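**Student:** sequence and predicted structure, then a few things I'm wondering about:
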Amino acid sequence: MVRLADVDEIAREHHFAGTDAGSLPGLSEALASLVERDGELLARGAAERAICHRLAVYLEATVNQGRRDRERWHVDCEYNLFGSRIGETECIDSLRKWMAVEGINDAPGDEQIHSVYPDVIVHHRDTTTNLLVIEMKVLRPSTTRNEIEFDLRKLNVFQETGSGFEYSFAAFVVVAPRDVEVDGDTARVALFARSPDAANSTLTRAAKELD
C-alpha cells in the first residue's frame, strides 16, 4: 500500500516538491475551502471526480477574483476539446488540452492509443494559454506506485516546453481518507508542485497576467 511518505519520495524523483500552494495561483485558497467545506468527502474517500469537481468550483472563484469577464480563466475537469479559433500559423496540437498515450493497462502486444484527460485545468478555452494543470489521487489500499508515477509523468509532459501544452504550473493533490494511515500526520491533503525555469516565457507571461 502506498503511504503519504511514499508519495513524497516518488514526487521528488519526478521533480515535484511538497508545498503549501502559496506559489500557485489561487490554489491555496481553493484547497482551504475544499478542506473546510467538503472535509467529509475527503475523510470518507469519495471518488476523485467528485472531489475534483468541488476543487474546481472553489478554484474558479479564487483565480478570477477581481478579474473582468473577458479576462476570466476557465476551470474545467477532464477537458476533452480541441480549440476552434486559431490562426493558420499556430500549431493545432497546442490547442489540444488532453494527450494520447500508448499501452495503458494493455496486454503485451495489444497496446492501443488511449486519450488521457487532466483532472483539472485552468486555461483560456480555444487558445494556447494554459495556466495550471492538476492531477488528483485519492489513496486507497489498492493504490500502487505505478499509478502515482503515471500521474506525475503526465504532469511533466503537460508542463514541458515544446510539448504543445506548456502549462505554467503543475500540481499533484493527494487525499488520504480516514482509513489510510498517514504516519501520525493529521493532514489528509498533501500538495506537490513543479514550477518551470523562471526564464520560461510561458511562466513570465502568466506572471504578468496575474499581476
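**Tutor:** Happy to help now that I have it.

**Student:** pLDDT weak spots in the chain?
**Tutor:** Residues of the chain that meet the criterion pLDDT under 70 lie in 21-23, 83-94, 104, 181-187, 195-211.

**Student:** let me know the secondary structure of the closest residue to V157 other than its chain neighbours.
**Tutor:** Closest residue to V157 apart from its sequence neighbours, by CB to CB, 6 or more residues apart in numbering: S163 at 5.5 Å. Just so you know, the C-beta spots here come from the backbone N, C-alpha and C atoms, and that holds for glycine as well. Assigned by DSSP: H, G, I helix; E, B strand; the rest coil, the conformation of S163 is coil.

**Student:** neighbours around S163, how many?
**Tutor:** 14 (other CB atoms under 10 Å).

**Student:** now swap in R49 and tell me
**Tutor:** 11.

**Student:** that one against L55, yeah?
**Tutor:** No. Contact criterion CB atoms under 8 Å: R49 and L55 do not qualify, at 10.7 Å.

**Student:** any idea what the most centrally placed residue in the chain is bridged to?
**Tutor:** The centroid of the chain falls nearest to I134 when counting by CA atoms, centre = their mean (0.7 Å). Under DSSP bridges, the beta-bridge partners of I134 are V120, A171.

**Student:** packing partners of the host helix or strand of E9?
**Tutor:** Using DSSP states H and E, E9 sits in helix 4-13. Where contact means 3 or more CB pairs under 8 Å, 6 or more residues apart in numbering; DSSP states H and E, helix 4-13 is packed against strand 17-18, helix 145-159, strand 169-175, strand 189-194.

**Student:** convert the second one to PDB, retaining C-alpha atoms only.
**Tutor:** What it means is helix 145-159. Taking Å, rounded to 0.1, in the frame of the first residue of the first chain, the C-alpha atoms of helix 145-159 are listed here in PDB:
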ATOM      1  CA  ARG A 145       3.400   3.200  -7.000                       C
ATOM      2  CA  ASN A 146       2.900   2.900 -10.800                       C
ATOM      3  CA  GLU A 147      -0.400   4.800 -10.600                       C
ATOM      4  CA  ILE A 148       1.400   7.700  -8.700                       C
ATOM      5  CA  GLU A 149       4.300   7.700 -11.200                       C
ATOM      6  CA  PHE A 150       1.900   7.700 -14.200                       C
ATOM      7  CA  ASP A 151       0.100  10.800 -12.900                       C
ATOM      8  CA  LEU A 152       3.400  12.600 -12.300                       C
ATOM      9  CA  ARG A 153       4.700  11.700 -15.700                       C
ATOM     10  CA  LYS A 154       1.500  13.100 -17.300                       C
ATOM     11  CA  LEU A 155       2.000  16.400 -15.400                       C
ATOM     12  CA  ASN A 156       5.600  16.700 -16.500                       C
ATOM     13  CA  VAL A 157       4.500  16.300 -20.200                       C
ATOM     14  CA  PHE A 158       1.700  18.800 -19.700                       C
ATOM     15  CA  GLN A 159       4.200  21.400 -18.500                       C
END
